[in-house]
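Trainee: Just to be clear, the model below is a prediction. Sequence and coordinates:
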Amino acid sequence: MARLASGADQVEGLDEEFLFHLNRGAEMLARGEADGARVALERAQDLRPKDAKALGLLGQACYKLGRYADAADAWQRLVDDNPVEPSARVNLGLANLKAKRFKEAVKQLEIALDLKPDHKKAMGYLGLALLESGQARKARDWFRKAGSDQMVARCDEALAGEAQDEPATTPEPLPAPEPLPAPEPLHTLAPEAVLPARLPAAPGEGLAAWAASRVVGGSFAETFSVEGDTLTVNVRGEVLVRMDGLFASRGRLSQAGEMKRFRGRATDKPFGDGTARMTRVTGEGVLLFRTGGRRFTALDLSGDAGYFREEVVFGFEEPVVFENGRVPSQTADLNLVHLRGSGRFLIATATPPVAVDVSPDAPLRMPLAALVGWVGNLTPRVVPLVEGDESGPAAVELTGDGRVLADPAAAAGVSREE
């Protein structure tokens, strides 16, 4: 006769099923599989209706799918249980803004700013919500506080009765939602901010409207954002970034080549060569880069740490702590950058990175060029891709317990050039 499960057994089973769906949803979301993530996270949320991680990730999955009302519903439940969390309020306001619930968006963003008065993104989103609801004068005040001269000028035009000169189909792109807590260190890296491309001006529009539809580099956006073929780096204080592909800069900015760091101290070796050298940019302004066929992914450390192949790290915010390292080999050295702390950073790859698990009983080997980086307790070693073929392509072997990020196209030798 089958034994009935005890209460403790039922709770344990419920925990395991919940964590399975939560982790599965987080992993699928990190891979860009938003619909599958939504299904898994809805199941996790059914098992634990008030779990903050499940609700936060479910909101992100729905947002990625363009299901803004569903995203708002998930984040509303999160706000109900966490009423003083500013990021949750900002996400809820942004989802309502995208769902064209402008009154509710204004309400949530005003509360977020009451909780955190210096939240620049909340100021920008509130300005957009007010502008979309016809309150250009109030919107102007918030864009001015956010430091968005472009949007202040747009409000001035609206107030002067010139708004009809701008195409109605070219709203200011909205950045991705605020990163929310995730179940594992890798998943706290915020998903890439995917911004909609601007539409061209309609036939018959004047030159001013045509130019307005192609403006890039909104000053209240994220530090790193991509619009079409343009990467925008917003500088407010200090940002470290390579100069490869730079085609314009705006504002008062100063630049100085960065040196590699080892054991907390600067060395006499430059961090990169030529235009690929890491540069410390200081001041207030915007840098504009041609993407050149590269896939840029903006991530958030959120207190975690990771090791990355030096060549793929394109830039990072000043609060991020970095240190350079090297794994020597007779065939090819592996140059690494250790990033830790808090702040956003940017990686450049040929295709969107994927993640592969590594366990003590299952080491991982991949072509050196395919390695993006890793999180966890892993030990790297440079080896031949094919055992015994010392003259063949180099590979990296990683052993231990962690998760590796890889660039599949780089392994196949796909060029990053268009």
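Mentor: Looks like it arrived, so ask away. Residues are numbered from 1 along each chain as shown.
Trainee: all contacts plus neighbour counts: C-alpha atoms, from now on.
Mentor: Will do.
Trainee: Tell me where the model's unsure across the stretch 51-200 of the chain.
Mentor: For the stretch 51-200 of the chain, residues meeting the criterion pLDDT under 70 lie at 162-200.
Trainee: Which stretches in the stretch 251-400 of the chain count as strands?
Mentor: 259-262, 265-270, 278-290, 295-300, 305-309, 313-317, 321-327, 334-340, 344-349, 354-358, 364-367, 371-384, 394-406 (DSSP state E, counting those that start in this stretch).
Trainee: make that the stretch 51-200 of the chain, sorry
Mentor: In the stretch 51-200 of the chain, no segments count as strands under DSSP E, counting those that start in this stretch.
Trainee: Glu397 and Val382 touch, don't they?
Mentor: Yes. Under the criterion of Cα atoms under 8 Å, Glu397 makes contact with Val382 at 6.3 Å.
Trainee: Just want to know which of those two has more residues nearby.
Mentor: Taking neighbours as other Cα atoms under 10 Å, Glu397 and Val382 compare with Val382 leading, 22 against 19.
Trainee: ok, what's across the strand from that one?
Mentor: Val396 (DSSP bridges).
Trainee: That one and Gly343, how far apart?
Mentor: From Val382 across to Gly343, the span is 30 Å (Cα to Cα, to the nearest Å).
Trainee: what's the answer for Gly325, then?
Mentor: Taken as Cα to Cα, the span from Gly325 to Gly343 is 21 Å.
Trainee: do Ala362 as well
Mentor: Separation of Ala362 from Gly343 (Cα to Cα): 32 Å.
Trainee: okay, those two: which has more neighbours?
Mentor: Each of Ala362 and Gly343 has its neighbours counted (other Cα under 10 Å); Gly343 has more, 19 against 12.
Trainee: Contact partners for the more buried one?
Mentor: Gly343 makes contacts with Asp300, Leu301, Ser302, Phe316, Glu317, Glu318, Pro319, Val320, as judged by Cα atoms under 8 Å, 6 or more residues apart in numbering.
Trainee: Likewise for Ala248?
Mentor: By Cα under 8 Å, 6+ apart, the residues touching Ala248 are Leu287, Leu288, Phe289.
Trainee: What pairs with the helix or strand hosting it, parallel or antiparallel?
Mentor: Using DSSP states H and E, Ala248 sits in strand 246-257. Paired with strand 246-257 in the same sheet, following DSSP bridges, are strand 278-290 (antiparallel).
Trainee: show me what contacts Val386?
Mentor: Applying Cα under 8 Å, 6+ apart, we find Val386 in contact with Gly392, Pro393.
Trainee: Next, give phi and psi for it.
Mentor: phi -110, psi 120 (degrees, to the nearest 10).
Trainee: roughly how far apart are it and Glu397?
Mentor: Applying Cα to Cα to Val386 and Glu397 gives a distance of 12 Å.
Trainee: Counting neighbours, which bits of the strand holding Ala248 end up buried?
Mentor: Using 16 or more other Cα atoms under 10 Å as the test for burial, strand 246-257 gives Leu246, Ser249, Leu253, Gly257.
Trainee: Now for these: which two are most distant?
Mentor: Greatest spatial distance in the buried residues of strand 246-257: Ser249 and Gly257, 16.5 Å, computed using Cα to Cα.
Trainee: coming back round to it: right, and the strands of the stretch 251-400 of the chain - which one's nearest Glu33?
Mentor: Smallest distance to Glu33 across the strands of the stretch 251-400 of the chain (Cα to Cα): 11.3 Å, for strand 354-358.
Trainee: Give me the mean pLDDT for that closest one.
Mentor: Strand 354-358 shows a mean pLDDT of 93.
Trainee: Repeat that for stretch 15-35.
Mentor: Averaged across stretch 15-35, the pLDDT comes to 84.
Trainee: which parts of it are buried?
Mentor: 18-19, 21-30, 32-35.
Trainee: ok, the residues you listed vs Ala369, which is closest?
Mentor: Looking across the buried residues of stretch 15-35 and measuring by Cα to Cα, the closest to Ala369 is Ala30, at 21.4 Å.
Trainee: show me what contacts the residue nearest to Lys107 when sequence neighbours are not counted?
Mentor: Closest residue to Lys107 in three dimensions, ignoring its sequence neighbours and counting by Cα to Cα, 6 or more residues apart in numbering: Gly93, at 7.6 Å. In this structure, Gly93 makes contact with Ala72, Glu104, Ala105, Val106, Lys107, Gln108, Leu109, Tyr125, judged by Cα under 8 Å, 6+ apart.
Trainee: coming back round to it: which two from the buried residues of stretch 15-35 end up farthest apart in space?
Mentor: Phe18 and Gly32 (21.1 Å).
Trainee: out of the contacts of Gly343, who has the most neighbours?
Mentor: That'd be Phe316 among the contacts of Gly343, by other Cα under 10 Å, with 28 neighbours.
Trainee: And the closest residue to that one other than its chain neighbours, how close does it get to Glu104?
Mentor: Spatial nearest neighbour of Phe316, excluding adjacent residues (Cα to Cα, 6+ apart): Phe345 at 3.9 Å. Phe345 sits 32 Å away from Glu104, going by Cα to Cα.
Trainee: Between the two, which has more neighbouring residues?
Mentor: In terms of neighbours (other Cα under 10 Å), Phe345 is the more surrounded of Phe345 and Glu104; the figures are 25 against 17.
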